[in-house]
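[1] I need the structure of the sequence given here:
(chains A and B)
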Amino acid sequence: MRTVYFDHAATTAVDPRVFAEMEPYFVERYGNPSEIHRLGREAREAVDKARAQVAAALGAADKEIVFTSGGTEADNMALSGFLSRLEPGHLIVSAIEHPAVMETARYLMRQNWEVTFAAVDSNGVVDIDAYAAAFRDDTRLVSIMFANNVVGTIEPIRELARIAHEHGAAFHTDAVQAVGAVPIDVADLGVDLLSLSGHKLYGPKGIGALYIKRGTRVAPILHGGGHERRLRSGTENVPGMVGLGAALELAVAELPSQRPRLEALRDRLAQGFRSSIEDTVYLGHPTERLPGNVCISVRFIEGESMVLQLDGKGIAVASGSACASGSLEPSHVILGMGYAAEEAHGSVRLTLGHENTDADVDYFLEVFPPIVARLREMSPLYVKR
Amino acid sequence: MYTDLVMDHFSNPRNVGEVDDPDGAGQIGNPVCGDVMRMTIKVDDDRITDVKFKTFGCGAAVATSSMVTEMVMGKTLDEAAEISNRAVAEALGGLPAQKMHCSNLAADALHLAIEDYLTKAGRAGDVAKVLGKKA
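    Numbers count the residues shown, from 1 in each chain, chains lettered A, B, ... in the order given. Next up, the predicted model:
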């Protein structure tokens, strides 16, 4: 059976070129970078190189990059690590953040921080006026994602960061979905903190990084031997760091060719989807969205059913339905955009990546309409037009 | 996460649709919650001679609906009334814990269809006796 992977927002395969770079650091060059013997020095050089690669990809200085265990830890460090040095005050996050930010904000609420969940419009874009009005004298930090993981909407980060700075607040962006997919330059954006993750950009799982702008004070959230310039203790994940550095370098180098290719595939997929199936809603911003993201709600049927049926045809996709999420709640992102629970339940998210081709799009467009027809036939809610 | 039997019932659901001119119909659930199940039955001499379902919902919702139709086909109303949501889940080899409450309502939909049948047949007084609950 043909296999089509349309779930790159969940994770990506490690690029074989990246894996080749990582491989020597498991068995041969296994040294601890903290040691001064040859094996240690070799590992230290690899870590330094990886840090330089990450910094270069973001337009940052090497010293501004701290490696973490992934996007979640970077987000936790950005919020908790930045705010733990301060007297509790006010924090702003968007209403559609990833759980790594959302749950950290809720944790901080229990530490007496007050949180504003900034509303988004029906396209998933932060409402700038409401956002600007949410600032208070004691607003210390804003955390708004660069691009949404469910609907792919890209936020106006530069403007949001500028407004935060006008109010004396620092600005963090969770750029896990965006790094490697769209150009990012931290100086141009004006952000103080930025999170990224290796396995979303054809690097390994278990590695990420936090960009901390020079002069921005962050306290460690993990305590121990003082690794990563005292910011993140724990023996370095050397193969992971090597993989992240190599993956990010490749992603940035190939972005000018991959981005237009993915955008063309995305638009053909979205248009084909919507022209072959009635009663759908294209979720997310029509143009300001990630190159590989198609998120569509199909009326009268439920997301997990579509995911399972497509899986039966060898196609891997995701859904924002309650069932597919593993919780009992439909996607807070789709609800936050003002849609009803039914629309969230009926959503499918197709996220394209480097290995996808026109033939994959054709195959999806061939097998999906009969699946929808069959599920609608089975649905007591379906009203034929 | 799903047993092979659940996947079989989901992929090849039995008795999908609505029976013609049903003697009883029952619907349960809410699209807001993500699950709606509708059962229609034909009854002859207090025996279910045909049953079909329509379901909006996840894999578990479809599979439990399909399974309950197989379990009650040809059964008496009393026998059908004894089938619980839990028994349906067990017949499928179990369901993931988070599906037990939201998506496992097929037997309830069936019982509503039986109640509807009895009410329409002018036997509302039998509902409590058959289904073991107040009408």
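[2] of all of chain B, which residue lies closest to chain A?
    Across chain B, no residue is closer to chain A than B:Cys58, which sits at 3.5 Å (C-beta to the nearest C-beta). The C-beta positions use only the backbone N, C-alpha and C, and glycine is treated the same way.
[3] Please tell me the pLDDT value assigned to that residue.
    In this prediction, B:Cys58 carries a pLDDT score of 91.
[4] Touching, it and A:Ser305? I think so.
    Yes - in terms of C-beta atoms under 8 Å, B:Cys58 counts as a neighbour of A:Ser305; the distance is 6.1 Å.
[5] Can you pick out the residue with more neighbours from the two?
    When neighbours are counted by other C-beta atoms under 10 Å in any protein chain shown, A:Ser305 comes out ahead of the other of B:Cys58 and A:Ser305, with 31 against 28.
[6] Kindly confirm my reading that that one forms part of a helix.
    Yes - note on A:Ser305: a helix contains this position according to DSSP: H, G, I helix; E, B strand; the rest coil.
[7] dump the residue contacts of it.
    By C-beta atoms under 8 Å, 6 or more residues apart in numbering or on different chains, the contact list for A:Ser305 reads A:375, B:10, B:57-59, B:62.
[8] Format those as JSON lines; extra columns: distance to A:Met1.
    Formatted as JSON lines, the entries for the contacts of A:Ser305 read as follows, by distance: C-beta to C-beta, whole Å:
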{"residue": "A:Leu375", "distance to A:Met1": "20"}
{"residue": "B:Phe10", "distance to A:Met1": "18"}
{"residue": "B:Gly57", "distance to A:Met1": "26"}
{"residue": "B:Cys58", "distance to A:Met1": "23"}
{"residue": "B:Gly59", "distance to A:Met1": "19"}
{"residue": "B:Val62", "distance to A:Met1": "22"}
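[9] which ones among these are found in helices?
    Of the positions in the contacts of A:Ser305, A:375, B:10, B:59, B:62 sit in helices, assigned by DSSP state H.
[10] List the residues that contact the last one.
    Remark: with contacts taken as C-beta under 8 Å, 6+ apart, B:Val62 is in contact with A:305, A:378, B:9-10, B:13, B:55.
[11] can I get those residues in a markdown table with distance to A:Val242 and pLDDT?
    Converted to a markdown table, these look like this (distance: C-beta to C-beta, whole Å; pLDDT from 0 to 100):
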| residue | distance to A:Val242 | pLDDT |
| --- | --- | --- |
| A:Ser305 | 41 | 94 |
| A:Met378 | 50 | 95 |
| B:His9 | 47 | 96 |
| B:Phe10 | 43 | 95 |
| B:Pro13 | 49 | 96 |
| B:Thr55 | 50 | 96 |
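[12] Provide the contact partners of stretch B:69-76 at residue level.
    Defining contact as C-beta under 8 Å, 6+ apart, one finds that stretch B:69-76 is touched by B:14-15, B:39, B:46-53, B:79-80, B:83, B:87-88, B:91, B:110.
[13] in it, what's buried?
    Within stretch B:69-76, the residues that qualify as buried by neighbour count (16 or more other C-beta atoms under 10 Å in any protein chain shown) are B:69, B:71-73.
[14] any low-confidence regions in chain B?
    Low-confidence segments of chain B (pLDDT under 70): B:133-135.
[15] What parts of it come near chain A?
    Contacts of chain B with chain A, taken as C-beta under 8 Å from any C-beta of the partner chain, map to B:7, B:10-11, B:13, B:16-17, B:27, B:31-38, B:54-62, B:98-99, B:102-103.
[16] can you pull the contacts of the residue lying closest to A:Val367 once chain neighbours are set aside?
    When the adjacent residues along the chain are set aside, A:Val367 lies closest to A:Lys313, with 4.6 Å between them (C-beta to C-beta, 6 or more residues apart in numbering or on different chains). Neighbour list for A:Lys313: A:1-2, A:367, A:371 [criterion: C-beta under 8 Å, 6+ apart].
[17] Could you do A:Ala132 as well?
    A:Ala132 makes contact with A:Ile163 under the criterion C-beta under 8 Å, 6+ apart.
[18] That one belongs to a strand?
    No - if the criterion is three-state DSSP, then A:Ala132 is helix and not within a strand.
[19] Chain B: helices as residue ranges?
    Counting by DSSP H, chain B has these helices, from start to end: B:4-11, B:59-72, B:77-81, B:85-91, B:99-102, B:106-120, B:127-131.
[20] Burial-wise, tell me which of those comes out on top.
    The highest average neighbour count among those, using mean count of other C-beta atoms under 10 Å in any protein chain shown, belongs to helix B:59-72 at a mean of 27.
[21] That one to helix B:4-11, inter-axis angle?
    If you take axes from the mean of the first three to the mean of the last three C-alpha atoms, to 10 degrees, helix B:59-72 sits at 90 degrees to helix B:4-11.
[22] can you give me the offset of helix B:59-72 from its chain's centre?
    Using C-alpha atoms, centre = their mean, to the nearest Å, the mean C-alpha position of helix B:59-72 is found 7 Å from that of the whole chain.
[23] Mind jotting down where the strands sit in the stretch 1-150 of chain A?
    All strands of the stretch 1-150 of chain A, identified by DSSP state E, counting those that start in this stretch, fall at A:4-5, A:65-68, A:90-94, A:114-118, A:139-143.
[24] Who are the contact partners of A:Leu58?
    Contacts for A:Leu58 were tallied using C-beta under 8 Å, 6+ apart; they are A:65, A:179, A:184-186, A:194, A:196, A:211.
[25] and if we set it to 6 Å?
    A:184, A:186, A:211 (C-beta atoms under 6 Å, 6 or more residues apart in numbering or on different chains).
[26] Highest neighbour count among those residues?
    Of all these, the most densely surrounded is A:Tyr211 (28 neighbours; neighbours counted as other C-beta under 10 Å).
[27] that's a strand at it, yeah?
    Yes - A:Tyr211 forms part of a strand when assessed by three-state DSSP.
[28] which residue packs closest to it, ignoring adjacent ones?
    In space, not counting the residues next to it along the chain, A:Tyr211 is nearest to A:Leu194; the distance is 4.1 Å by C-beta to C-beta, 6+ apart.
[29] Each with direction, which strands does the helix or strand harbouring the one you found pair with?
    Taking DSSP states H and E as the definition, A:Leu194 sits inside strand A:193-197. Within its sheet, and counting by DSSP bridges, strand A:193-197 is paired with strand A:170-174 (parallel), strand A:208-212 (antiparallel).
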